[in-house]
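1. 3D model of this:
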Amino acid sequence: MSAAEEDVPLSAADEAVDEEELEAAEEEDEADDADEPRGKDKQVSRPKKTKKGNEGNKSIAFRSGLCFPVARFRKQLKEGGFAKRTAVGGAVYLTAVIEYVVAEILELAGNAAKEQKKSRIIPRHIQLAIRNDEELNKYMNNVTIQGGGVIPNIHTVLMPNRGGPAKGAAGASGSFSQEY
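-> Below is the predicted model of the structure:
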């Protein structure tokens, strides 16, 4: 359409014709969709009718934007006997904190796996991630990770001297044995 045609107002009859054409086209599309078989079994399935008031049936985890299940954490809080009553907000907060810590550990473990040119995270990578991070190491200092191994560390006393022994330190005999 040109700019001149857009400015021309449509009459009421023209608007009614346009609406009827749109409705007819929509009915044809719906009829075509209903005739085509869907799914694995090639059966025609009707779309489910949903109520408009049904929008509130979303989980707490979905509404709070979390991946971990808030309801399970709340259930464990109740069954754990930590308090007589628990609010939903407490479970959401706890879930968010645990999800954050897990995401942090997985990110650091993924970096450790990349450094070793591996595509899978193994317990060794988790161990390296936790022990190399100051805050996570402090938080999880009493945790033993099965299959994690130990952090590579050689004490400085065990390292060989770089400059060699001093001339007077060897004693008169020139040997390193203990002299009494």
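2. and Arg124, how many residues sit next to it?
-> Using other C-beta atoms under 10 Å, Arg124 is surrounded by 18 other residues. No exception for glycine: its C-beta is placed from N, CA and C like everyone else's.
3. Then Val92?
-> Neighbours of Val92 (other C-beta under 10 Å): 19.
4. same check, this time on His125
-> 23.
5. Was I right to think Val88 contacts Ile60?
-> Yes: using C-beta atoms under 8 Å, Val88 is in contact with Ile60, at 6.3 Å.
6. intersection of neighbour lists for those two?
-> Taking C-beta atoms under 8 Å, 6 or more residues apart in numbering as the criterion, Val88 and Ile60 both touch 70, 74.
7. Which of these two has more residues huddled nearby?
-> Per other C-beta under 10 Å, whichever of Val88 and Ile60 has more neighbours is Ile60, with 17 against 12.
8. Packing partners of the longest helix along the chain?
-> The single longest helix within the chain, with elements called by DSSP state H, is helix 88-115. When contacts are defined as 3 or more C-beta pairs under 8 Å, 6 or more residues apart in numbering; DSSP states H and E, helix 88-115 packs onto helix 60-64, helix 70-79, helix 123-132, helix 134-139.
9. how about the ones you listed in TSV, adding mean pLDDT?
-> Putting the helices and strands packed on helix 88-115 into TSV (pLDDT from 0 to 100) gives the following:
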stretch	mean pLDDT
helix 60-64	88
helix 70-79	93
helix 123-132	94
helix 134-139	93
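10. Helix 70-79 and the longest helix of the chain, what's the angle between them?
-> Relative orientation of helix 88-115 versus helix 70-79 (axes from the mean of the first three to the mean of the last three C-alpha atoms, to 10 degrees): 120 degrees.
11. start at 258 instead
-> Okay, using 258 as the starting number, the last item reads as helix 345-372.
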